[in-house]
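Trainee: missing the sequence, but the structure's below:
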């Protein structure tokens, strides 16, 4: 069983051109519990952030809710994401997942949040927040 925290507010999944600069205010002033993650590839920049911080020049899909596995998790532990993604896939809930050094995160569509949390709870996890 995993404890999963529901972060406040909605999140955006964004795409920026590979040569874009990130807005300087993106990393500063995050509220407690907020998370921002950035991935660079030759094809572009992927950014996940609170929806109200999405860069204007980005292609953005908004209205996602963010779930954080209460951690920190041991990097040697395997199967954490599978234990979360499998019940969501069975419930046909779309997921965007990412990890940090300390824990794992899942984004689910805001309109499917109730179904997502119910599926996770049926799988034995506890959703708080």
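Mentor: That came through, no problem. Nothing here was measured: the structure is a model prediction, and the numbers come from that model.
Trainee: Assumed residue 116 was part of a helix.
Mentor: Yes: judged by DSSP: H, G, I helix; E, B strand; the rest coil, residue 116 forms part of a helix.
Trainee: Surely it touches residue 93?
Mentor: Yes: contact criterion C-beta atoms under 8 Å: residue 116 and residue 93 qualify, at 4.7 Å. (C-beta placed from N, C-alpha, C; glycine too.)
Trainee: Same drill for these two, tell me which one is more crowded.
Mentor: residue 116 (26 against 20; other C-beta atoms under 10 Å).
Trainee: do you know how far the closest residue in space to that one that isn't next to it in sequence is from residue 65?
Mentor: With C-beta to C-beta, 6 or more residues apart in numbering as the criterion, residue 116 has its nearest non-adjacent residue at 4.2 Å, and that residue is residue 108. For residue 108, the distance to residue 65 equals 6 Å [C-beta to C-beta, to the nearest Å].
Trainee: before we move on, what about residue 103?
Mentor: 16 Å.
Trainee: more neighbours, the two?
Mentor: residue 65 (20 against 17).
Trainee: Could you tell me which residues touch both of residue 108 and residue 65?
Mentor: Shared contacts of residue 108 and residue 65, defined by C-beta atoms under 8 Å, 6 or more residues apart in numbering, are found at residue 116.
Trainee: thinking again about what came up before, between residue 116 and residue 93, which contacts overlap?
Mentor: With C-beta under 8 Å, 6+ apart, residue 116 and residue 93 have common neighbours residue 108.
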